[in-house]
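1. Next input, structure requested:
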Amino acid sequence: VMSAAITLGTIFYFRRISQVTKPAIELRNAAEAISRGNLSYRIMEVGDDELGQIAMSFNKMAEDLESSYQKRADQDIAAAIAQEEQKMQLVLEKKQRERDKINDELNILQRESNALYQLNQAMTASIELSVMFDRILQVLNETLSCDHIVLLNHNPGESVLEVVRTSGLETGVLSKVQFTFSQGITGEAAQSQRMIYVKDIDEDDRNLSYHGLIATRGSMISVPLVIKGRLVGAINLHKKLKDGFSASEQRLVQAIANQTAIAVDNAQLQEKSRDLGNTDELTGLSNRRHFQEILKREVAQARRFSSIFSVMMCDIDEFKQHKSTLGNIQSDALLRQVGQALLKNTRGIDLVSRFGTDQFIIMLPKTSKKGAFCAAEKLRKHILEEDFSANIHSAQDFKVTVSFGVTEFPGDSKNIYELLNLADRALYAAKNDGSNCTVAWEATAPG
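-> Predicted coordinates for the structure are as follows:
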């Protein structure tokens, strides 16, 4: 009985201990599970004693913690998704901007291509210069939508640009307007052969408002028409809006100007093709080939009727120095002015021709060497007194002198080539004598 009582007591004791320690063990296991991140772990066997209350409180804490963690996780996921969406939106916006930029560039290229195509069509459609000018203005208006456009022409050998066509202005209001290379924005663009863009023309001291004939406002582009370094004209484009020409439009204007220069040059060459065979393009005088043809005829006439004629070879003194000082455009203008001065101060039957770069030759029918010498001296003095710096609108004052060499047919030679050679040698002698003088060929002449 004692043994049985002890055994039952022991069993009861350990059961009671187990009942007391089991909740504690459950709490320990739950704490370990929570610490490992298993927030869904719950204590299943909850009694009514104090440990049971603790277990219930623990379960409640675990539930709140799991809920809070889940809520925080949901917020983090939502924030991550929103951040990714924002990044994606930025990427899409960047791609959209790139696409818009590409579309704009394609539109600009298409616009330029259309304008150049229309100019090419104008070039092939007509070779008449007047029609060409109208077509150019039409293309510019359709392409750039300017308020008014002014097209100016430049003739080789001259130092001025003259208005030949306008758009957006009353017809003829600028018909007599000219610009020298030292006047205004247009003159500067022509002189430098570079495009000039003025964002606000009211703020630019170079603005001449076409010598006060029209009121210019807003922005302006003056672009020279240049082909192979040679000026053929200029185009002025005006918009009433300040800074009205975008960078792409400025590039387009330059491209159109390059194409226009070719078109104008081709049309001018076509119009002058009939005269170029006998005429020097720069000076407007007969050229060397034409002079030699007329000289041969004059020799035949002189031999047939036993008559005489004289030849005067003329050279501009220190022309290389003038060219270095004035530049190509104004030195060409000087050559033209000297040639025209020689032409205006000789007889109608005399033939004045350009013979070399800065050299002229004059044939005087039925004129002795003495008479030719007097005529040469008259021309030399006239050239000396002429104000060529004013004639070519140069900012620098300078004097021009010429030298002459004179020969006579048949007295000096019956061979035309030798006759010209002797005139050249007489001219060389005049140069050696200090220039600005006349030397008539003699058998003992220097050279």
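
2. With just CA atoms, put the strand or helix carrying Gly405 into CSV.
-> For Gly405, the enclosing helix or strand under DSSP states H and E is strand 402-409. Provided in CSV are the C-alpha atoms of strand 402-409 (Å, rounded to 0.1, in the frame of the first residue of the first chain):
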residue,chain,number,x,y,z
VAL,A,402,48.4,104.5,-115.4
SER,A,403,51.3,104.1,-117.8
PHE,A,404,51.1,103.9,-121.6
GLY,A,405,53.2,102.3,-124.3
VAL,A,406,52.5,103.5,-127.9
THR,A,407,53.3,101.9,-131.3
GLU,A,408,52.2,102.6,-134.9
PHE,A,409,51.3,100.4,-137.9
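
3. Kindly spell out which helices and strands sit in contact with that strand.
-> Applying 3 or more Cβ pairs under 8 Å, 6 or more residues apart in numbering; DSSP states H and E, we find strand 402-409 packed against helix 288-305, strand 309-316, helix 369-385, helix 416-432, strand 438-440. Backbone N, C-alpha and C define where each C-beta goes, glycine included.

4. Reformat these as JSON lines; add mean pLDDT, mean neighbour count and distance to Met88.
-> Listed next are the helices and strands packed on strand 402-409 as JSON lines, based on pLDDT from 0 to 100; neighbours: other Cβ atoms under 10 Å; distance: least, Cβ to Cβ, whole Å:
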{"stretch": "helix 288-305", "mean pLDDT": "90", "mean neighbour count": "14", "distance to Met88": "77"}
{"stretch": "strand 309-316", "mean pLDDT": "95", "mean neighbour count": "26", "distance to Met88": "77"}
{"stretch": "helix 369-385", "mean pLDDT": "95", "mean neighbour count": "17", "distance to Met88": "82"}
{"stretch": "helix 416-432", "mean pLDDT": "93", "mean neighbour count": "20", "distance to Met88": "84"}
{"stretch": "strand 438-440", "mean pLDDT": "95", "mean neighbour count": "24", "distance to Met88": "91"}
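
5. Those: which one's closest to Ser353?
-> Among these, helix 288-305 comes nearest to Ser353, with 3.8 Å by Cβ to Cβ.

6. ok, the residue nearest to Ser192 when sequence neighbours are not counted - how many residues close by?
-> Leaving aside its sequence neighbours, Ser192 sits nearest to Pro224 (Cβ to Cβ, 6 or more residues apart in numbering; 7.9 Å). Neighbourhood size, Pro224 [other Cβ atoms under 10 Å]: 24.

7. so Pro224 bridges to which residues?
-> Beta-bridge pairing of Pro224 under DSSP bridges involves Ala234.

8. What pLDDT is listed against it?
-> Looking at Pro224, its pLDDT is 95.

9. what sits up against stretch 364-382?
-> 298, 307-312, 314, 341-342, 345-347, 349-350, 401-404, 406-408, 411-412, 436-438, 440-441 (Cβ atoms under 8 Å, 6 or more residues apart in numbering).

10. now the helices: where do they sit in this protein?
-> Assigned by DSSP state H, the chain shows helices spanning 2-35, 50-125, 129-144, 184-192, 209-212, 247-276, 288-305, 319-326, 328-344, 369-385, 388-391, 416-432.

11. Quick one: closest of these to Gly356.
-> Among the helices of the chain, the nearest to Gly356 by Cβ to Cβ is helix 288-305 (7.7 Å).

12. Send me that closest one as PDB with only the CA atoms.
-> Extracted in PDB, the C-alpha atoms of helix 288-305 (Å, rounded to 0.1, in the frame of the first residue of the first chain):
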ATOM      1  CA  ARG A 288      41.500  90.100-125.800                       C
ATOM      2  CA  ARG A 289      40.200  87.600-128.400                       C
ATOM      3  CA  HIS A 290      37.800  90.100-129.900                       C
ATOM      4  CA  PHE A 291      40.500  92.800-129.900                       C
ATOM      5  CA  GLN A 292      42.800  90.500-131.900                       C
ATOM      6  CA  GLU A 293      40.100  89.800-134.400                       C
ATOM      7  CA  ILE A 294      39.400  93.500-135.000                       C
ATOM      8  CA  LEU A 295      43.100  94.200-135.100                       C
ATOM      9  CA  LYS A 296      43.500  91.700-138.000                       C
ATOM     10  CA  ARG A 297      40.700  93.400-139.900                       C
ATOM     11  CA  GLU A 298      42.300  96.800-139.300                       C
ATOM     12  CA  VAL A 299      45.600  95.600-140.600                       C
ATOM     13  CA  ALA A 300      43.900  94.300-143.700                       C
ATOM     14  CA  GLN A 301      42.200  97.700-144.200                       C
ATOM     15  CA  ALA A 302      45.400  99.600-143.600                       C
ATOM     16  CA  ARG A 303      47.300  97.500-146.100                       C
ATOM     17  CA  ARG A 304      44.500  97.800-148.700                       C
ATOM     18  CA  PHE A 305      44.100 101.600-148.400                       C
END
